Each structure stands twice: as structure tokens, then as C-alpha cells.
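In: here's a sequence, model it:
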Amino acid sequence: MELDPFVLKSKEFQLNILMITMSTIKTGSYSISNLADSKKINVLNQLQENILNRVAYLIQFLGKKSPILKEKYVNSLLDKISMDKSIISYNITPIFQKFPVLENFPFLVEQVIRRTLEILNIPVRIMDLNTEVETTNRANIRSYLIFRYYNVQSIIESTDRVRGISLYKEFVTEYVKSFAPQNPPIKSLEEFRSATIQSNKKKPNIGWVILHGKIQDGKFPQRKDTCMWKDAIQDLPDQELKYLVACYGDFQGYNNSNPAFRLTMEHTIMEGDPYCSCCLHDTRIAGNLTHPSREFYDSMKEGI
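Out: Modelled structure (predicted):
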């Protein structure tokens with residue numbers, strides 16, 4: 001979970017640390033209509049930062065486990081996304097420069113581009129990938145979550161469901177951890193909570209309505225009452241896989257903020273629960289990782 005460095009250093013943030021820990025605070029907003037709101041994105045950035053980065057990392061990750069497993073994954077992914085054999089001269093040199101491992105898979109890269117453009121409702125014969133286009137929040141979210149879904153499906157089909165899910169969890173943890181800062185700026189749960197709330201005030205979070213509870217005994221509870229991602233991929237059939245692609249990375253993501261932080265999460269909207277129950281534990285203070293009860297989350301209210 002990334003936090004605004006400016007917020008962390010601001011006097012307002014420092015002055016508000018104690019004040020905003022006194023009660024439960026709600027942030028964010030969401031209406032199902034937000035999925036239809038327009039969204040401008042750069043196509044090349046979308047491919048490199050949200051889709052091909054994971055494909056490249058996964059190819060390397062699986063290659064270390066087994067060259068055969070890597071080959072099966074690539075073939076399975078191609079089976080899911082291949083559209084046609086016609087040649088389109090995309091300029092994919094910048095992609096190879098950023099992800100050298102993909103130079104061995106030019107056809108895969110081309111098919112990823114085509115499928116991404118199709119999901120974004122952009123003509124597949126767009127010549128310049130380094131261009132800004134207008135799409136919708138729904139299409140934007142689907143473009144990367146559907147590929148994550150394809151990724152875990154392809155790993156499962158390359159081995160079996162139990163091992164495939166285990167490998168995907170290991171991959172996600174390793175991938176997210178690769179972004180952890182060497183010197184995490186967050187020193188305490190109080191700082192984390194304050195920075196999260198202040199960042200949201202600076203740039204409201206559209207899609208996630210979150211109740212930030214009071215910190216007690218090294219535990220910071222959050223209840224997430226909406227999830228735009230869940231609504232964007234509602235048509236995908238496998239609930240367990242949707243949880244893996246949308247939620248599982250949070251465990252390492254929160255840990256990236258401080259190595260002493262551990263996340264527990266027992267209920268998720270993605271799995272059909274009415275909310276996501278999250279609790280961030282500071283292992284230097286909390287005596288255990290016991291998750292707060294369902295009754296506790298049911299009773300959370302703003303201002304209390």
C-alpha cells in the first residue's frame with residue numbers, strides 16, 4: 001500500500017496523528033455508476049505497468065521452478081488470449097528493453113497487446129502504443145484483473161489446482177515484495193493510519209468506502225464496505241481465483257509499509273461477504289495475530 005511522501009512529511013500530518021486516532025473515520029466514495037465513468041490511460045504504460053510486468057516476472061519465476069512448467073504456462077496463456085495470426089507491426093522494442101525476458105516470446109507479447117486493446121474497447125490496429133486513449137473505469141480495471149485471472153488459470157492448468165494456487169500465492173508475495181522500499185517510511189500503526197486518511201482527503205478514493213477503526217493493543221482494524229474491482233469482474237466464474245488476483249497481494253503490500261506489520265483478513269467482498277474485514281497488526285506490540293470478531297466489524301460506525 002503506497003502512501004504519499006508529502007503527506008508523511010507535512011506539518012498537518014504530524015499534528016493530526018493523535019487527533020484522528022480518537023474515533024472511527026470513513027473515507028472514500030462509490031456508486032456502481034462510477035464503473036462507467038471515463039478514464040484516460042496511456043496504452044504502453046498500462047501494458048508495461050499493469051499487465052506485461054507480471055507476465056514477465058511470472059515467466060522468470062516459473063522458469064526457476066521448472067522450464068517445462070514455464071513452457072506450459074506460456075502455451076496455456078496463449079490458448080486463452082490468441083485472437084488471430086495476422087501480423088500487426090506494433091513497436092514492441094520499448095517493451096523488450098524494459099522486460100528482456102519477453103524477447104523470447106514476441107508472439108505472446110503481440111497477443112497480450114491485442115487482448116488488452118480488445119478489453120479496453122480500443123481498435124486492435126492502433127499503431128502507436130505510446131498514446132493516451134479514453135476508456136471507462138470498468139474496462140481499465142478489467143484489462144489487468146482479467147490477465148491476472150488468466151495467469152492463475154494458466155498455472156493451474158500447467159500442474160493441478162492445489163499446487164497451482166500455492167505457486168500463484170508464492171509468486172504474488174515475491175512480486176509485491178520486490179517493490180518494498182529499503183527504508184520503509186512508516187514507523188508505527190498511528191503513522192500508517194494517519195497517512196492513509198490524509199492521503200484520501202488529498203485525493204479521494206473512488207471505489208472503496210473504508211471505515212478506519214481505532215488502534216488498540218497494536219491492532220488497526222479496517223472495514224471496507226465497497227469494492228469496485230468486485231463489480232468490474234462479476235462475470236468471472238471462479239470466486240477463489242478472483243480473491244487471489246484481487247486481494248491476496250494485500251498481505252505483502254501492507255507488510256511493505258513496515259516489516260513489523262502483518263495483515264489478517266477473514267471476510268472479503270470478493271468472496272461474497274458484505275464487507276472486507278482487515279486488521280493490521282504491529283508484531284512489536286500485538287501479542288498475537290488474533291483477528292477481531294465478526295461482531296466487532298458488524299458494530300463499527302463512523303465517529304465512534
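In: surely Ile285 touches Asp217?
Out: Yes: at 6.8 Å, Ile285 counts as touching Asp217 under the criterion of CB atoms under 8 Å. To be clear about C-beta, it is placed using only N, CA and C from the backbone, and glycine gets the same treatment.
In: between those two, point out the one with more neighbours.
Out: Set Ile285 next to Asp217 and count neighbours by other CB atoms under 10 Å: Ile285 wins out with 14 against 11.
In: please identify the helix or strand for the more buried one.
Out: Element membership for Ile285, per DSSP states H and E: none, as it lies in no helix or strand.
In: any low-confidence regions in this protein?
Out: 1-22, 85-87 (pLDDT under 70).
In: again, only this time at 90
Out: Confidence mapping of the chain against pLDDT under 90 gives the ranges 1-22, 82-90, 123-128, 184-185, 199-205, 287, 303-304.
In: all strands for it, in order.
Out: For the chain, applying DSSP state E gives strands covering 25-27, 38-42, 132-136, 210-212, 219-224, 261-267, 276-282.
In: between those strands, which one is nearest to Lys242?
Out: When those are compared by CB to CB, strand 276-282 sits nearest Lys242, at 13.0 Å.
In: for that closest one, name the packing helices and strands.
Out: Judged by 3 or more CB pairs under 8 Å, 6 or more residues apart in numbering; DSSP states H and E, the packing partners of strand 276-282 are helix 189-202, strand 219-224, strand 261-267.
In: parallel or antiparallel, which strands does that strand pair with?
Out: As defined by DSSP bridges, the strand partners of strand 276-282 come to strand 219-224 (antiparallel), strand 261-267 (antiparallel).
In: now distance to Lys64 too, for these, in JSON lines please.
Out: As requested, the strands paired with strand 276-282 are exported to JSON lines (distance: least, CB to CB, whole Å):
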{"stretch": "strand 219-224", "distance to Lys64": "34"}
{"stretch": "strand 261-267", "distance to Lys64": "27"}
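In: Leu77: which of these is closest?
Out: Checking these against Leu77 by CB to CB gives strand 261-267 as the closest, at 28.2 Å.
In: buried stuff in that closest one?
Out: Using 16 or more other CB atoms under 10 Å as the test for burial, strand 261-267 gives 261-265, 267.
In: now stretch 45-64
Out: 46-48, 50-52, 54-59, 61-63.
In: do stretch 248-265 as well
Out: 248-258, 260-265.
In: go ahead and confirm Asn42 touches Glu134.
Out: No: the criterion here is CB under 8 Å, and Asn42 misses it with Glu134 at 11.3 Å.
In: and these two? which has more neighbours close in?
Out: Taking neighbours as other CB under 10 Å, Asn42 and Glu134 compare with Asn42 leading, 14 against 11.
In: now, which of the buried residues of stretch 45-64 lie within helices?
Out: Those of the buried residues of stretch 45-64 mapping onto helices are 46, 52, 54-59, 61-63, per DSSP state H.
In: adding distance to Tyr30, write those out as CSV.
Out: Putting those into CSV (distance: CB to CB, whole Å) gives the following:
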residue, distance to Tyr30
Gln46, 22
Leu52, 29
Arg54, 26
Val55, 30
Ala56, 32
Tyr57, 30
Leu58, 31
Ile59, 35
Phe61, 34
Leu62, 36
Gly63, 40
